[in-house]
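Asker: Compute the structure for the input listed below.
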Amino acid sequence: MNDQASHTLEFDQLRALVRRGAQTSMGCARVDALVPLDALEELQKALAASAECVQLRKRGATWSFSELREPAEAIARLRVEGASLEPLTILELAQLCEQAMSARAAIMAEREESPVLAEIVASLPRELNSITARVANKILPGGDLDDRASPELARIRHEIARLRSSITRSLENLMRRSEEAVQDDLVTIRNDRFVIPVKADHRGHIKGVAHGFSSSGATAFVEPLETIDANNELQSLRETEEREIYRILFALTEELRLQLAGIEKAADAIAKLDFINSKAVFHQNFNCVIPEVSMAGQSFVRDSSVSSNPFKRTTSQTEVSSTRVLEFLEARHPLLEENLRASGGAVV
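Answerer: Alright, predicted model coming up:
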């Protein structure tokens, strides 16, 4: 279709109507790339997919692709050997796999009535379910690692909690013994180390390392000598924790990397299904009819048709001659219907 025809038909605005039904950026991209089809087999397959999706929606067999980010960047990084993914990126890929496999389950349960849709998801590997479960057991929704992500991480965090409590108790006891020198009865943290607020003119009363002053200069934040060794140990434990977190994330990344081909299939399946579903939503919103297209001699014949995408609608038979000229009978432009709805006019 040339630019003049596209402008005359207001095709961009038509695509915008269909885009409303897309749930992902991948689906939106496919809608934006939508053009009329002129290959019979491709057209029949696209219409069959739309028809199957419409029927599945009527039977309540739907799928949802909620809060999915564009996976291209994460997949590209996954292709880099030795690269480790951040926890939120791992969660995003796991969510992609989970929603793709959920759609697969819904469609395969109806595969006899939905062969075209089944073809899209049939090759998704079941291993995606396993990796999704492993990620969910190790990474919390906010991106932090669960204490049970590994026995070593659980041990390290237990030690950190024990040591933090011990340091806090020691500092609280010290503040009670040195009330006249303490500005506030509050243990705080400076430079990742536990300190107490000491009056600047009483610094000599508490031996230790100063980690800065308040904005007024009236308070010095002092790490007492008696907790320096414990603070050093705490710092060492935190570094050990970071190394263990990196090890776990790298291992999960490697598991995802082993399933790279399946993840790419999952992303492609979601893009296709979201695109098809957006057309089914359009079908529902505008009470469309899925056309049946077949070869009759050198002609295409459409019964009860809309256009291939489907943007046009008619209740009468339309024929396409060997010169492929379309004639739509009793058709209505969806944009006109949309404008009528917006203005409160009657759609007849």
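Asker: The stretch 101-250 of the chain: strands as residue ranges?
Answerer: Taking DSSP state E, counting those that start in this stretch as the test, the strands found in the stretch 101-250 of the chain are 188-190, 193-199, 208-213, 219-224.
Asker: And the helices in the stretch 51-200 of the chain?
Answerer: Assigned by DSSP state H, counting those that start in this stretch, the stretch 51-200 of the chain shows helices spanning 72-78, 87-108, 115-121, 127-138, 151-177.
Asker: What separation is there between residue 181 and residue 244?
Answerer: According to CB to CB, to the nearest Å, residue 181 and residue 244 sit 39 Å apart. C-beta: built from backbone N, CA, C; applies to glycine.
Asker: Report the mean confidence score over the longest helix seen in the chain.
Answerer: If you go by DSSP state H, the chain has its longest helix at helix 228-258. For helix 228-258, mean pLDDT rounds to 97.
Asker: got the angle between it and strand 193-199?
Answerer: Angle, helix 228-258 to strand 193-199, by axes from the mean of the first three to the mean of the last three CA atoms, to 10 degrees: 140 degrees.
Asker: Can you name the helix or strand that residue 339 falls in?
Answerer: helix 334-343 (DSSP states H and E).
Asker: elements contacting that helix?
Answerer: On a contact count with 3 or more CB pairs under 8 Å, 6 or more residues apart in numbering; DSSP states H and E, helix 334-343 meets helix 11-19.
Asker: who wins for proximity to residue 290 among the helices of the stretch 51-200 of the chain?
Answerer: Residue 290 sits nearest to helix 115-121 of all the helices of the stretch 51-200 of the chain, at 12.3 Å, using CB to CB.
Asker: now the closest one, how far from the chain's geometric center?
Answerer: Taking CA atoms, centre = their mean, to the nearest Å, one finds helix 115-121 lying 23 Å from the centre of the chain it belongs to.
Asker: tally of neighbours for residue 155?
Answerer: Residue 155: 13 surrounding residues under other CB atoms under 10 Å.
Asker: For it, give its distance to residue 147.
Answerer: From residue 155 to residue 147 the distance is 10 Å (CB to CB).
Asker: What is the least confident helix or strand in the chain?
Answerer: strand 299-303 (a mean of 40; mean pLDDT, DSSP states H and E).
Asker: May I have the beta-bridge partners of residue 193?
Answerer: Assessed by DSSP bridges, residue 193 has beta-bridge partners residue 190.
Asker: What's the local residue count around it?
Answerer: Counted with other CB under 10 Å, residue 193 comes out at 18.
Asker: if I read this right, it contacts residue 235, doesn't it?
Answerer: Yes: counting by CB atoms under 8 Å, residue 193 does reach residue 235; the two are 7.4 Å apart.
Asker: What's the local residue count around the residue nearest to residue 159 when sequence neighbours are not counted?
Answerer: Nearest residue to residue 159, sequence neighbours excluded (CB to CB, 6 or more residues apart in numbering): residue 237, at 5.6 Å. The tally of other residues near residue 237 (other CB under 10 Å) stands at 18.
Asker: Residue 237 against residue 155, yeah?
Answerer: No: with contacts counted by CB under 8 Å, residue 237 stays clear of residue 155, the gap being 10.1 Å.
Asker: quick one, domains of this protein?
Answerer: If you go by automatic domain parsing, the domain ranges for the chain are 3-125+259-342, 151-235.
Asker: if we can go back for a sec, so after the longest helix of the chain, what's the next helix or strand?
Answerer: helix 260-285.
Asker: Which positions in that next one come out as buried?
Answerer: Neighbour-count burial for helix 260-285 flags 262-263, 265-267, 269-283, 285 (criterion: 16 or more other CB atoms under 10 Å).
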